[in-house]
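[1] Provided below are the primary sequence and the corresponding predicted coordinates.
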Amino acid sequence: MARAVALPQTRWAAQPAVAAWAAATVLAAAALPWGRAGRDLGSWLWDSTGVVLASGSLLAAGVLLASFAVLLAGLWPAPERTRGVALAAFGACGMALSGLLLGVRGTPTGPAGVLAPLGFLTLTGFGLSSSGRWFVDPFLSAAVLWAAAFVALFILLPLASVVVASVWVDGRFTLEVVHRTLTSPAFLALDHPGTPHNELAVAAAVGLAVAVGTLVLGWYLRWSRRSLPAGGAAGLAAAALASLYLGFGAFRNSLLLAVVVGAVSTALGFAFALLSERSQLPTRRLLGTLSALPIITPPFVLGIAMLYLFGRRGFVTYRLLGVSTDVFFGPLGVAVAQVLAYTPIAYLVLVGVVRALDASLEEAAQTLGASPWHLVRTVIWPLARPGLANAFLLVAIESLADFANPIVVGGGKPFLATEVFFAIVGRYNPHEAATYGAVLLALTLTVFVFQQRWLGGAFYVTVTGRPTGARPQPLPLWLDWALSAVFVVWMVVVVLLYGSVFVGAVTRLWGFDYTFTLRHLQDLHPQGWQVLRTTVQLSAYAAVPSVVVGFLIGYLVNRVDFPGRRALEFSSMLSFATPGTVMGIGYVLAFNQGPLLLTGTELVIVLAFVFRNMPVAIRAAVAALEQIDRSLEEASTMLRAGASTTLRRVVAPLARSALLSGLVFAFVRAMTAVSQVIFLITPQHNLATTQILSYLEYGSQGRGAALASVLTLLLVTVVASLQALSRRLDPRTAQLGAG
Amino acid sequence: MNAVAEGVPVRLEGVTKRFGAVLAVDSVDLHVPPGKLVTLLGPSGCGKTTTLRLVAGLERPTAGRVWIADEDVTDLPAARRGVTMVFQSYALFPHLTVFENVAYGLRVQRLPAAEVRRRVMEALELVGLPETAERYPAQLSGGQQQRVALARALVMQPRVLLFDEPLSNLDAKLRRRVRAEIRMLQQRLGITSLYVTHDQAEALALSDVVVVMNQGRVEQVGIPEEVYRRPRTRFVADFIGEANLLPATFWEGAVEVASYRFPVEQEEVRDGPVTVMVRPEAVVVSQDASGLPGVVRTVFFMGMTTELLVDTPAGEVLATQPYRADRRIVPGEQVRLRFEPAGVYLLPAEDGRG
């Protein structure tokens, strides 16, 4: 066969894409409306098309000009590099002019205001790629710009809006709101004026006592040089903890809660991880279900259950024990609910850590004659320490961000996440809400940065799964029994709690009248079902974009070298570390007026879901990409496939099961989301979770339990079918392997 | 896919590649003549794979230009250089059948189905694997996988074919066979090829031209026989085959190693200190009166040959002798060594790059 030696080098197949994008940009800029009449996404102002505007506005004329320039540059038969430079330059101009035009007009944006800037952005990417300045495929080049724009608009802008709103009041800079909020006793009071003793003094005394105690202990154990710093540190820590414990206010409540829940959950998680890896008792098999619980638990379920079992007329407290108590209606109740909710997270992190504890190391230590205690101190503890710290910090972030439990079981005590909500909903003060939000954001970001910096940024469980010959040492029998007993108690409590919600859904009036009824379920008609349908719908809309955007970003930060890569990675993971209430108020503040007016639409809810859940897909993508040999993608490139083809035909099929589970988890997370959308819902677009909350607020706990039960069952079904499906997919992928 | 003679040349001009502070490739000039197979040979980390990837377009040079067929392709992405590559890991797509693997590049070009089918089967026949078309890569042996990878590269009718240590995952016997097949196909199709390897035997057996690289630089370029027989530096002498490097003095057309003086016919050698490279197979061990005196330290029986380590006043000398049942040399024996001219070459005394 004849050899096609000379390839057409100067003009190439990417050009149809350039021409198509350029034509679309011209069309959008000229013929589609730039403005909307109101909130309604469909209310296009047909008198605001580019052609109409151009006669009255220089900016609009400029945008039109830029779009034609881009089209000409795309069709211009000049050398590729020259054309690339022209495309990039005109595209950037078009972007800037469109932004200005939208800003100057200040009215809600119409379709042209979305499509034209996106077109300019894409063409800038294509231009940069073919200008030769940037050695990246045109598709990836445009994708980097898209990702940057989306992350800036839907993650960074809302967060910035929160910070700005706390110091920018009525058009001027002021620290007054911040000052007033931070000094109010509702935020933090270390010394309550109403109590006879001075709490700070007590805390200082405790700290001093601990410091002296440590010094004495150090002298006794002959630590010599280390005892002074150790004593000081212990004293300071004790004083801080004591003042937190004795103090008041939202800051104190949230922080103390995070510390306590973090510590308890980590301890329990570690115990369960030990059990799952090293137990010889049959209870071990139940641990699998443990890890799935937090995924399928809608918010409020544990809260409702806590009230049912341990509330004033709780089944356990009132009915069985005969006491009417409010003990569990407050920080203690929230702590219990959070420990139940977040222990599985710690377990998932730590099970990897325990698995990675190489049994051969232990054997080596034992052959060297180490006692079990010595083994724990010198081998196991140093190896497990980073994992334990990681679990603690992850749980602390979750606890700080938690909104659902404090609002249901918090007993009216202030917490940072709920104060954001009440400042808006109760006190109508967005600036105060923003201040609380900024504080909460600062707290979680500190923890997040600390976690990323010092613990290598393993924000998720990685299991290397490299088996070693040595079989792990089983636990000593007494420890095995003790930990298993703890686990059984834990399981019983969980079963009781979940069970009570399901039973509560068919019980006439919990605490007073325990007769069976289907009334609550019937009462879900029509409102409850309607809401459930909306939730499924919006979550489904959001799932696919979450995965597509997340996977693309995961691919870009993992495989492509471009300036700002780390910034993009960090910003996109930010939305994971940001408490939902903060993101929620950020969306309200950023998208409530001007060209970006989106609140009150379904779109803003979907966007909130997409950018909130995208990190799930990023993590799935990164985990999957680490399994795929880079040379496969390079082979595809060498066979003349563009990056989009490589992604579609090589990467996506190999990452199929990761994509699928990313899709399901994005959907499930959207279904269970509450805090980030609680400000965004409208009567027309109510969601299941917020509906449960309003049932609870209006005292119809039965209906709340009914809706929560239905939601839980739905999620169980979804997750179970995912597992069945990936089991069906797995044998094939396992057989084919990678590379 | 019949033999076609018109290959294209590849040229590198002052190509440099830095990764952060690491200088991977240091101003390399290289010329691959049309239709020839050139190997880049060197130890791991010498920059040979990076050089290959620069030609492929998978990396972009920090400085310098890359030319293919007299066209500057430095800024051209990999997909548009008309170059294909065979990877060390085979890089076969595990989720596609052999047929679809080979067809991949053709489908990217949206060729008609009939043509895809014809060309894929032709390519598979060329590498002798037409019956595996419907199997998955995981169901093939390593050698078969590498041949599928070769078919996948050939089916694109590339202007230049790149090989990145394609045989290093195969066992020794198979390596020899696939090596011969690659050479035969390359010569028959006349495709300009650049081949990276760290195996000097592979390089010598395969190439029209060998390029020896070290620390990001080209040490020597030449036909296999030349780099073996006339290495320009200690590094090349040492890296390609075994070499004894002995200090010596050269004057009046002869060289003196310790007390042993023998004539050397080599141009452009100045009188003074030199380094003598002696290939082990050029060392003749005898009991004669003349030659370099030495004491046998160790004897290794290698089957066809025997290897001797001999301590001499000039240093340790490795000698390879054909095996002879009637003449056993034992450790401790006093011997004389003579060097045959064909395996002797003089290098500058200390070029500092040993």
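    Thanks, I have it. Residues are numbered from 1 along each chain as shown, chains lettered A, B, ... in the order given.
[2] where's the residue in the stretch 51-200 of chain B that chain A sits nearest to relative to residue B:158, distance?
    When distances are taken as Cβ to the nearest Cβ, the stretch 51-200 of chain B reaches nearest to chain A at residue B:105, 3.3 Å away. C-betas here are computed from N, CA, C, even on glycine. According to Cβ to Cβ, to the nearest Å, residue B:105 and residue B:158 sit 9 Å apart.
[3] same deal with residue A:151?
    39 Å.
[4] now residue A:294
    53 Å.
[5] Looking at these two now, which is surrounded by more residues?
    The residue with more neighbours, out of residue A:294 and residue B:158, is residue B:158; 25 against 18, by other Cβ atoms under 10 Å in any protein chain shown.
[6] which SS state does the more buried one fall under?
    coil (DSSP: H, G, I helix; E, B strand; the rest coil).
[7] Low-confidence stretches in the stretch 201-350 of chain A?
    Along the stretch 201-350 of chain A, segments meeting pLDDT under 70 span A:223-225.
[8] Now do the strands in it.
    Applying DSSP state E, counting those that start in this stretch to the stretch 201-350 of chain A gives no strands.
[9] And the stretch 1-150 of chain B, by the same measure?
    B:10-19, B:22-32, B:37-41, B:63-68, B:71-72, B:83-86.
[10] Turn those strands into TSV, including mean neighbour count.
    Conversion of the strands of the stretch 1-150 of chain B to TSV gives the following (neighbours: other Cβ atoms under 10 Å in any protein chain shown):
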stretch	mean neighbour count
strand B:10-19	18
strand B:22-32	19
strand B:37-41	25
strand B:63-68	18
strand B:71-72	14
strand B:83-86	27
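[11] least reliable of these going by mean pLDDT?
    Mean pLDDT per stretch puts strand B:71-72 lowest among those, at a mean of 90.
[12] Quick check: longest helix in the chain by residues?
    In the absence of a named chain, this looks at chain A. When chain A is parsed with DSSP state H, its longest helix is helix A:701-736.
[13] ah, no, chain B please
    Longest helix in chain B, counting by DSSP H: helix B:172-189.
[14] how far out from the middle of the chain is the lowest-mean-pLDDT helix or strand in chain A?
    Within chain A, no helix or strand scores below helix A:359-367, which has a mean of 71 by mean pLDDT, DSSP states H and E. Relative to its chain's centre, helix A:359-367 lies at 39 Å (Cα atoms, centre = their mean, to the nearest Å).
[15] what about residue B:285, helix or strand, and which?
    strand B:283-286 (DSSP states H and E).
[16] State the mean pLDDT of that strand.
    Strand B:283-286 comes out at a mean pLDDT of 90.
[17] Could you name the helices and strands sitting against that strand?
    strand B:315-322, strand B:334-339 (3 or more Cβ pairs under 8 Å, 6 or more residues apart in numbering or on different chains; DSSP states H and E).
[18] In CSV: those strands, plus distance to chain A, mean neighbour count and mean pLDDT.
    Listed next are the helices and strands packed on strand B:283-286 as CSV, based on distance: least, Cβ to the nearest Cβ, whole Å; neighbours: other Cβ atoms under 10 Å in any protein chain shown; pLDDT from 0 to 100:
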stretch, distance to chain A, mean neighbour count, mean pLDDT
strand B:315-322, 38, 17, 91
strand B:334-339, 46, 18, 92
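[19] got CSV for those, with distance to residue A:141 too?
    Shown next, in CSV, are those (distance: least, Cβ to Cβ, whole Å):
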stretch, distance to residue A:141
strand B:315-322, 56
strand B:334-339, 61
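[20] roughly how far apart are whichever residue of the stretch 601-739 of chain A sits closest to chain B and residue B:103?
    Nearest residue of the stretch 601-739 of chain A to chain B (Cβ to the nearest Cβ) works out as residue A:639 at 3.3 Å. Using Cβ to Cβ, residue A:639 is found at 10 Å from residue B:103.
[21] Ok, residue A:279 next?
    From residue A:279 across to residue B:103, the span is 52 Å (Cβ to Cβ).
[22] So which of these two has more stuff around it?
    residue B:103 (24 against 21).
[23] Residue ranges in chain A under the pLDDT threshold?
    A:1-14, A:223-225, A:358-360, A:454-472, A:729-739.
[24] Name the helix or strand for the residue most central in space within it, please.
    The residue lying closest to the centre of chain A (Cα atoms, centre = their mean) is residue A:576, at 3.0 Å. Using DSSP H and E, residue A:576 maps to helix A:565-577.
[25] which of the residues in that helix are buried?
    Going by neighbour count (16 or more other Cβ atoms under 10 Å in any protein chain shown), the buried part of helix A:565-577 is A:568-577.
[26] same thing with stretch B:259-269?
    Buried, per 16+ other Cβ under 10 Å, within stretch B:259-269: B:260, B:262, B:264, B:269.
[27] what separates the third one from chain A, distance-wise?
    Counting by Cβ to the nearest Cβ, to the nearest Å, the gap from residue B:264 to chain A is 48 Å.
[28] okay but that residue is in contact with residue B:343, surely?
    No. Residue B:264 sits out of contact with residue B:343 when judged by Cβ atoms under 8 Å, with a separation of 11.5 Å.
[29] Where does the stretch 301-450 of chain A get nearest to chain B, residue-wise?
    Closest point on the stretch 301-450 of chain A to chain B, by Cβ to the nearest Cβ, is residue A:449, at 24.6 Å.
[30] mind listing what that residue touches?
    Residues counted as contacts of residue A:449 (Cβ atoms under 8 Å, 6 or more residues apart in numbering or on different chains): none.
[31] swap in residue A:174?
    Contacts of residue A:174 (Cβ under 8 Å, 6+ apart): A:167-168.
[32] rerun at 7 Å
    residue A:167 (Cβ atoms under 7 Å, 6 or more residues apart in numbering or on different chains).
[33] What residues of the longest helix of chain A count as buried?
    For helix A:701-736, by 16+ other Cβ under 10 Å, it's A:701-712, A:714-715, A:718-719, A:722, A:726, A:733, A:736.
[34] Now for residue 51, how many residues are close by?
    Chain wasn't specified; assuming chain A. 11.
[35] I was thinking of chain B, sorry if that wasn't clear
    Residue B:51: 28 neighbours (other Cβ under 10 Å).
[36] repeat for the one 10 residues further on
    Applying the criterion other Cβ under 10 Å, we find 22 residues in the vicinity of residue B:61.
[37] For residue A:234, which non-adjacent residue is spatially closest?
    residue A:214 (4.3 Å; Cβ to Cβ, 6 or more residues apart in numbering or on different chains).
[38] Do me a favour and get the end-to-end distance for stretch A:289-306?
    End-to-end distance of stretch A:289-306: 21 Å, with Cα to Cα, to the nearest Å as the criterion.
[39] Let me know the helix or strand that the residue nearest in space to the middle of chain B is in.
    Centroid-nearest residue in chain B: residue B:203, 2.5 Å away (criterion: Cα atoms, centre = their mean). Element membership for residue B:203 (DSSP H and E) is helix B:200-206.
[40] for the helix or strand where residue A:405 lies, packing partners?
    Secondary structure from DSSP H and E places residue A:405 in helix A:404-409. For helix A:404-409, the packing partners by 3 or more Cβ pairs under 7 Å, 6 or more residues apart in numbering or on different chains; DSSP states H and E come out as helix A:301-310, helix A:331-356, helix A:416-425.
[41] do that again at 10 Å, thanks
    helix A:250-278, helix A:301-310, helix A:331-356, helix A:416-425, helix A:688-697 (3 or more Cβ pairs under 10 Å, 6 or more residues apart in numbering or on different chains; DSSP states H and E).
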